[in-house]
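Peer 1: Sharing a model that was predicted from the sequence below.
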There are 2 protein chains.
Amino acid sequence: MTRPIIPDIVVSRLPLYLRAISRMEEEGLEYVSSHELGARLGISAAQIRKDLSQFGEFGKQGTGYHIPFLKKQLIRILKVDRVWDVAVIGAGDVGSALARYQGFQEHGFRVAMLFDSDPAKIGKVINGIEVRDVADMERLIAEGSIQVAMLAVPAEVAQETADKLIAVGVRAILNYAPVNLAVREGIRVEHIDPVIHLQHMTYYLAPR
Amino acid sequence: MTRPIIPDIVVSRLPLYLRAISRMEEEGLEYVSSHELGARLGISAAQIRKDLSQFGEFGKQGTGYHIPFLKKQLIRILKVDRVWDVAVIGAGDVGSALARYQGFQEHGFRVAMLFDSDPAKIGKVINGIEVRDVADMERLIAEGSIQVAMLAVPAEVAQETADKLIAVGVRAILNYAPVNLAVREGIRVEHIDPVIHLQHMTYYLAPR
């Protein structure tokens, strides 16, 4: 029996489902219908049922989804039932904010290493994490078997830094540099660039 | 003659096209083919031609797109041929990094106001922008006719803060709080949450 390939657009919605039902659990809810979940997320109930049904039978007609069970299943599916060590490259404003961010640990991630090329930053400790020399990045990441990196370096060096990370085993890069990265098949890249999101929205605005 | 409605997924790609051709212009290129542009972005040449053709005749058979011309058109279409004043709510790590970010101005945005509720932060100046009391947020945003906001507040107060912003005229919110926002039709919201992107990628990884 071969497992069908799930479309990436479906996978991309799973973390949103997980975030929403985790919040509902904090609010003390025990069951949620696809309609209630859809209303929170601006996604249709039918879409949610269709997405989740690709992974198994998680809901019951009438009672909806049992929140603790669905949460556990989503955590397993997204492989965050463990903690992934993450390297942050660049200890500027963005990299430092990522190193200090309290929201990673409970969602499956730990900033394990932080790198910069600036001698003034190397050796500093941010949220208990020492800033290491980026010249040692490849060796330390290979030693740590780190597969996930967040890239917060200037656009000019983003591609070469990504290439180095991939060469030593990084398989997933969250890229904060405002430039597209070219990577080979099998490497996952996601981009975070506020300008891209802002420009997407201004398309719809009427200037005053 | 009525203008056809462009699918949002097409609109969402325009800022990526603009960013890529701006970079090509910096590199000294004058013309680009849909194939070259597609290779940079990991998008098919056919998709790029189809997307851009919805807005006009920007390319020529054989020579491709004239970069300065296409850039100008994209800037006009995305309405960033002006500078939008943006309010940042929350002057913690993320809000401070946004206030200091140098990449907004040249892409159509200016952080005009910065708010926080913490008396220890109010009055501080970050990158020339004074942190104002969030209690004055609604009045100041209404006075400034600000339509775009970046929300960098704790999850617990994100929805109520968004409601207040919308009540005084904000039409587009870039939300950094790790929670979905419910807004009425006509209000644009985009979300930035590193956890969501990381979990999307770990789905594809094999733990070591």
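Peer 2: Received it, and whenever you're ready, just let me know what you need. Numbering: from 1, shown residues only, chains lettered A, B, ... in the order given.
Peer 1: Spell out which residues make up each domain of chain A.
Peer 2: According to automatic domain parsing, chain A comprises the domains A:8-77, A:84-196.
Peer 1: For residue B:147, which of these is the nearest?
Peer 2: domain A:84-196 (15.8 Å; CB to CB). C-beta: built from backbone N, CA, C; applies to glycine.
Peer 1: how about low-confidence regions in chain A?
Peer 2: Residues of chain A meeting the criterion pLDDT under 70: A:1-4.
Peer 1: one more time with 80
Peer 2: Residue ranges of chain A with pLDDT under 80: A:1-4, A:59-62, A:207-208.
Peer 1: in it, which strand has the most residues?
Peer 2: Using DSSP state E to define each element, chain A has its longest strand at strand A:109-116.
Peer 1: Pull the distance from that strand to the chain's centre.
Peer 2: Relative to its parent chain, strand A:109-116 has a centroid offset of 14 Å by CA atoms, centre = their mean, to the nearest Å.
Peer 1: in its sheet, what does that strand sit against?
Peer 2: strand A:84-89 (parallel), strand A:129-133 (parallel) (DSSP bridges).
Peer 1: Tell me the first helix or strand C-terminal of the last one.
Peer 2: Which is strand A:129-133. For strand A:129-133, the following helix or strand on the C-terminal side (DSSP states H and E) is helix A:137-144.
Peer 1: What strands line up against the next helix or strand after that next one, and which way round?
Peer 2: Once the chain leaves helix A:137-144, the next helix or strand it forms, by DSSP H and E, is strand A:148-151. If you go by DSSP bridges, strand A:148-151 pairs up with strand A:84-89 (parallel), strand A:172-175 (parallel).
Peer 1: among these, which is nearest residue B:23?
Peer 2: Nearest to residue B:23 among the strands paired with strand A:148-151 is strand A:172-175; the distance by CB to CB comes to 14.0 Å.
Peer 1: residues making contact with the helix or strand hosting residue A:164?
Peer 2: In the assignment (DSSP H and E), residue A:164 maps to helix A:155-167. With contacts defined as CB atoms under 8 Å, 6 or more residues apart in numbering or on different chains, helix A:155-167 is touched by A:87, A:89, A:134, A:137-138, A:141, A:149, A:151, A:153, A:173, A:175, A:177-179, A:181-184, A:187, A:189, B:23.
Peer 1: ok, residue A:183 touching residue A:190?
Peer 2: No - when contacts are counted by CB atoms under 8 Å, residue A:183 is not listed as touching residue A:190 (11.4 Å).
Peer 1: For these two, indicate the residue with more neighbours.
Peer 2: Shown here are residue A:183 and residue A:190; by other CB atoms under 10 Å in any protein chain shown, residue A:183 has more neighbours (19 against 16).
Peer 1: Could you check how far that one is from residue A:170?
Peer 2: According to CB to CB, to the nearest Å, residue A:183 stands 10 Å off from residue A:170.
Peer 1: Over to residue A:130?
Peer 2: 20 Å.
Peer 1: what's the answer for residue A:152, then?
Peer 2: For residue A:152, the distance to residue A:170 - CB to CB - is 14 Å.
Peer 1: who has more neighbours, those two?
Peer 2: residue A:152 (28 against 24).
Peer 1: mind listing what the more buried one touches?
Peer 2: For residue A:152, the contacting residues are A:88, A:89, A:90, A:91, A:92, A:94, A:95, A:98, A:176, A:177, by CB under 8 Å, 6+ apart.
Peer 1: what do you get for residue A:12?
Peer 2: Counted by CB under 8 Å, 6+ apart, residue A:12 has contacts residue B:200.
Peer 1: so the closest residue to residue A:154 other than its chain neighbours, which of the three states?
Peer 2: Distances taken as CB to CB, 6 or more residues apart in numbering or on different chains place residue A:177 nearest to residue A:154, at 6.7 Å, with adjacent residues excluded. Judged by DSSP: H, G, I helix; E, B strand; the rest coil, the three-state class of residue A:177 is coil.
Peer 1: any idea how far residue B:111 is from residue A:177?
Peer 2: On the measure of CB to CB, residue A:177 and residue B:111 end up 20 Å apart.
Peer 1: Looking at those two, which one has more neighbours?
Peer 2: Neighbours were tallied for residue A:177 and for residue B:111 using other CB under 10 Å; the higher tally belongs to residue A:177 (24 against 21).
Peer 1: Quick one: residues contacting the nearest residue in space to residue A:83 that is not next to it in sequence.
Peer 2: Distances taken as CB to CB, 6+ apart put residue A:110 closest to residue A:83, at 5.1 Å, once the chain neighbours are dropped. Neighbour list for residue A:110: A:83, A:84, A:85, A:86, A:104 [criterion: CB under 8 Å, 6+ apart].
Peer 1: immediately after the longest helix anywhere in chain A, which helix or strand?
Peer 2: Ranked by residue count and defined by DSSP state H, the top helix of chain A is helix A:8-26. With elements assigned by DSSP H and E, the helix or strand that comes after helix A:8-26 is strand A:31-32.
Peer 1: Just say which of the domains of chain A is most tucked in.
Peer 2: Ranked by mean neighbour count, these are led by domain A:84-196 with a mean of 19 (mean count of other CB atoms under 10 Å in any protein chain shown).
Peer 1: In this structure residue A:54 contacts residue A:10, no?
Peer 2: Yes - using CB under 8 Å, residue A:54 is in contact with residue A:10, at 6.1 Å.
Peer 1: residues in contact with the most centrally placed residue in chain A?
Peer 2: The centroid of chain A falls nearest to residue A:174 when counting by CA atoms, centre = their mean (7.0 Å). By CB under 8 Å, 6+ apart, the contact list for residue A:174 reads A:148, A:149, A:150, A:151, A:189, A:190, A:192, B:194, B:197, B:198, B:201.
Peer 1: what sits against residue A:124?
Peer 2: By CB under 8 Å, 6+ apart, residue A:124 lies in contact with A:91, A:130, A:131.
Peer 1: and with 10 Å instead?
Peer 2: A:91, A:96, A:114, A:116, A:118, A:130, A:131 (CB atoms under 10 Å, 6 or more residues apart in numbering or on different chains).
Peer 1: Excluding chain neighbours, give the residue nearest to the fourth one in space.
Peer 2: Excluding its sequence neighbours, the residue lying closest to residue A:116 (CB to CB, 6+ apart) is residue A:91, at 3.9 Å.
Peer 1: does the one you found count as helix, strand or coil?
Peer 2: Residue A:91 falls in the coil class when you classify it by three-state DSSP.
Peer 1: and it, what are its phi and psi?
Peer 2: phi -110, psi 40 (degrees, to the nearest 10).
Peer 1: Sweet, I'm off.
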